[in-house]
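Asks: Give me coordinates for this.
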Amino acid sequence: MLNHLAIFKTLHPLVGSWNGINEDGHPAYITYSMTANDTALVEDWTFHNGMNALTIYHMDAQTLMAMHYCPIGNQPRLDLKRQRGDGTLEFECTSATHLKSFKDPHEHAFDIKINQDGTLYRNEAYVEDSGALESNGILFRRIS
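Replies: Model prediction:
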């Protein structure tokens, strides 16, 4: 059984600024900060086109969750479902606001992994207009 609180604490060292290039060759920038007396980790995205998104990680009882505030206008709640042997954390959508159906466009899952070399890999899976699930991963490096 996963210790969600212990896993949440392993995300605290992400605090700082990161940049990367997505699979389409576009830059992305993330800053992480702790808020609410260190009970929530804020992940603030800025994309190459100037759009922003937020994901806020926090505990809900014994579950680590991530609430994603998406530029497409909905807010999926993703819960930590598993941790792979390599340390990758897998989150899956369990509910959302401003979403009529899970067939409508939304972030449906994401993986996050802090690599041994200090880089960060983040892969997101979105349900597209066609209903198909498409993913896009980004390798981030810390900005010193």
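Asks: The residue of the chain positioned farthest from its centre: what's it in contact with?
Replies: Here the centre of the chain is the reference, and by C-alpha atoms, centre = their mean the most remote residue is residue 130, at 22.6 Å. For residue 130, no contacting residues are found, by C-beta atoms under 8 Å, 6 or more residues apart in numbering. Just so you know, the C-beta spots here come from the backbone N, C-alpha and C atoms, and that holds for glycine as well.
Asks: which stretches of the chain form helices?
Replies: In the chain, the segments counted as helices under DSSP state H are 4-11.
Asks: Surely residue 96 is in contact with residue 74?
Replies: Yes. Look at residue 96 against residue 74 with C-beta atoms under 8 Å: they come within range, at 5.4 Å.
Asks: Of those two, which one has the most company?
Replies: Using other C-beta atoms under 10 Å, the more surrounded residue of residue 96 and residue 74 is residue 96, with 21 against 17.
Asks: Just give me the neighbour total for residue 33.
Replies: The burial count for residue 33: 13, using other C-beta under 10 Å.
Asks: mind listing what residue 41 touches?
Replies: 8, 11, 12, 14, 15, 32, 33, 34, 35, 56, 57, 58.
Asks: Can you say which of those are buried?
Replies: 8, 11, 14, 32, 56, 57, 58 (16 or more other C-beta atoms under 10 Å).
Asks: give me the low-pLDDT residue ranges for the chain?
Replies: Of all residues in the chain, none has pLDDT under 70.
Asks: Closest to residue 101 out of the buried ones among the contacts of residue 41?
Replies: residue 56 (23.9 Å; C-beta to C-beta).
Asks: surely the closest one meets residue 45?
Replies: No. Contact criterion C-beta under 8 Å: residue 56 and residue 45 do not qualify, at 11.8 Å.
Asks: Could you give the bridge partners of residue 136?
Replies: Here residue 136 sits in beta bridges with residue 124, going by DSSP bridges.
Asks: Same question for the one 5 residues further on.
Replies: Applying DSSP bridges to residue 141 yields these beta-bridge partners: residue 19.
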